[in-house]
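Visitor: just the structure for this:
(one chain, ligands or ions: 2)
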Amino acid sequence: MAVYTDIAEDDLKWFLTEYDAGTLLSYKGIAEGVENSNFLLHTSKDPLILTLYEKRVEKSDLPFFLGFMEHLSARGLSCPLPLPRRDGALLGSLSGRPAALISFLEGMWLRKPEAKHCREVGKALAEMHVAGDGFELKRANALSIDGWRGLWEKSEARAGEVESGLQTEIRSELDFLSAAWPSGLPAGVIHADLFPDNVFFLGDQLSGLIDFYFACNDLLAYDVSICLNAWCFEKDGAYNITKGTAMLEGYQSVRPLSDAEISALPVLSRGSALRFFLTRLYDWLTTPEGAMVTKKDPLEYLRKLRFHRQIKTPAEYGLSL
Ligand SMILES: Nc1ncnc2c1ncn2[C@@H]1O[C@H](COP(=O)(O)OP(=O)(O)OP(=O)(O)O)[C@@H](O)[C@H]1O
Ligand SMILES: N[C@@H](CCO)C(=O)O
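Guide: Ligands and ions are numbered 1, 2, ... in the order given. Predicted structure coming up:
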């Protein structure tokens, strides 16, 4: 459950006086998500999401995230739009946390996505990459190749608790990726966490993207590899090539990948599998028992990493080369 910080009704009512948000009718905490505290607000106007930003979000990054949502909305992409305060600021403060109100997006995330949904996600990802062009703020990806070694070192001593032999495997993976990481590929603002729980559908129709709190400047094809990892594997760990084909066709219907991006997909996919393995491993080892948050299994991403390691050609992802 992700409500780390509770709010008092009077504080919330006071907070809302800074906005043209109507009168508060009800509010409730949202159990999903792991990073921030989210509340659904019903007011005499449109429903809103209130987010209190927690541990992993740097306050100085918030103008980038909120500004990016505004930028995308202005270009017709369906994503939450931050509501400005009466003084024009997008960010306020509530219960000692930085806080923002964003528009409520209709839809549900899919527990069992199918290939047709992967196609929609690929298309929406490419639309986001195209629409992101021209966004002026910059944010480096702290969770990319330069950050992984440091992240690993925080968990390394206890990694054996999750699986024996990990020390050798991850060290050699880090060495491989440092040597093989591509440079010079098309870059821009990426979502960096476009998992099924961050994509809403109404029926089979994609209704919007949420949770831009890992967005940053990085290689566009790296974002594609994140989606292949997050959407195209089955629960038993098998890669579903039909979903992969659909995802990549959907993406390329809007933004064709260059030959260099296609060749780099196996390395990028190893990198993105490692990234989610490392953050999950850290959380697994440091989240206290009984905390009100569901810990995610790091080994799921280790298995994906091992799959990518034995890929011989990007065609194995479902691309027709
Ligand atoms: N704009 C929105 N419209 C409707 N529901 C929303 C919106 N933003 C968040 N939610 C709801 O809140 C939940 C958690 O939101 P979000 O994914 O942004 O949180 P998080 O803590 O950053 O999670 P994550 O673990 O994905 O990083 C979503 O699954 C959704 O149910
Ligand atoms: N999507 C991430 C968690 C939140 O960013 C994961 O599944 O590990």
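
Visitor: what does the stretch 51-200 of the chain have sitting close to ligand 2?
Guide: Residues of the stretch 51-200 of the chain found near ligand 2 (Cβ under 6 Å from any ligand atom) are 193, 195. Using the backbone N, CA and C atoms, a C-beta is placed for each residue, glycine as well.

Visitor: can you give me the strands for the stretch 51-200 of the chain?
Guide: Secondary structure of the stretch 51-200 of the chain (DSSP state E, counting those that start in this stretch): strands at 92-94, 97-103, 187-190, 199-202.

Visitor: mind giving me CSV with the ones you listed and columns for mean pLDDT?
Guide: CSV is the format used below for the strands of the stretch 51-200 of the chain (pLDDT from 0 to 100):
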stretch, mean pLDDT
strand 92-94, 95
strand 97-103, 96
strand 187-190, 98
strand 199-202, 98
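
Visitor: let's have the ones you listed in TSV, adding mean neighbour count.
Guide: Below are the strands of the stretch 51-200 of the chain laid out as TSV (neighbours: other Cβ atoms under 10 Å):
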stretch	mean neighbour count
strand 92-94	17
strand 97-103	21
strand 187-190	20
strand 199-202	20
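
Visitor: closest to residue 256 out of the ones you listed?
Guide: Ranking the strands of the stretch 51-200 of the chain by proximity to residue 256 (Cβ to Cβ) places strand 187-190 first, at 14.9 Å.

Visitor: now do that closest one: everything it contacts.
Guide: 68, 129, 132-133, 135, 141, 215-220, 222-223, 226 (Cβ atoms under 8 Å, 6 or more residues apart in numbering).

Visitor: check stretch 104-111 too.
Guide: Contacts of stretch 104-111 (Cβ under 8 Å, 6+ apart): 40, 46-49, 78-80, 117, 196-202, 207-208, 210.

Visitor: buried stuff in that stretch?
Guide: 105, 107, 110 (16 or more other Cβ atoms under 10 Å).

Visitor: can you pull the contacts of residue 247?
Guide: Contacts of residue 247 (Cβ under 8 Å, 6+ apart): 118, 119, 121, 122, 224, 227, 228, 231, 232, 318.

Visitor: surely the first one meets residue 233?
Guide: Right, residue 118. No: contact criterion Cβ atoms under 8 Å: residue 118 and residue 233 do not qualify, at 11.1 Å.

Visitor: now the residue of the stretch 151-300 of the chain found nearest ligand 1, what are its backbone angles?
Guide: Scanning the stretch 151-300 of the chain for the residue nearest ligand 1 gives residue 211, at 3.5 Å (criterion: Cβ to the nearest ligand atom). Here is the backbone geometry of residue 211 (degrees, to the nearest 10): phi 60, psi 70.

Visitor: so who does it touch?
Guide: Residue 211 neighbours (Cβ under 8 Å, 6+ apart): 33, 35, 193, 197, 198.

Visitor: ok, how many other residues are close to the second one?
Guide: Residue 35 has 18 neighbours, counted by other Cβ atoms under 10 Å.

Visitor: could you do the last one as well?
Guide: The number of residues packed near residue 198 is 20, by other Cβ under 10 Å.

Visitor: what residues does the chain have near ligand 1?
Guide: Counting by Cβ under 6 Å from any ligand atom, the chain sits next to ligand 1 at 2, 30, 32-36, 38, 49, 80, 102, 104-105, 197-198, 210-211, 213.

Visitor: and the residue of the stretch 1-150 of the chain nearest ligand 1?
Guide: For the stretch 1-150 of the chain and ligand 1, the shortest gap (Cβ to the nearest ligand atom) falls at residue 33, measuring 2.6 Å.

Visitor: doesn't that residue belong to a strand?
Guide: No: if the criterion is DSSP: H, G, I helix; E, B strand; the rest coil, then residue 33 is coil and not within a strand.

Visitor: check it and give its pLDDT.
Guide: Per-residue pLDDT puts residue 33 at 72.

Visitor: got phi/psi on it?
Guide: phi 90, psi 160.

Visitor: report the central residue of the chain.
Guide: Closest to where the C-alpha atoms of the chain average out (Cα atoms, centre = their mean) is residue 193, at 1.6 Å.

Visitor: looks like that residue contacts residue 210 (just checking).
Guide: No: using Cβ under 8 Å, residue 193 is not in contact with residue 210; the gap is 10.0 Å.

Visitor: the stretch 201-321 of the chain: helices as residue ranges?
Guide: 220-231, 241-252, 259-286, 298-309 (DSSP state H, counting those that start in this stretch).

Visitor: what about the first one, near ligand 2?
Guide: Read it as helix 220-231. No: applying Cβ under 6 Å from any ligand atom, one finds helix 220-231 separated from ligand 2 by no less than 7.0 Å.
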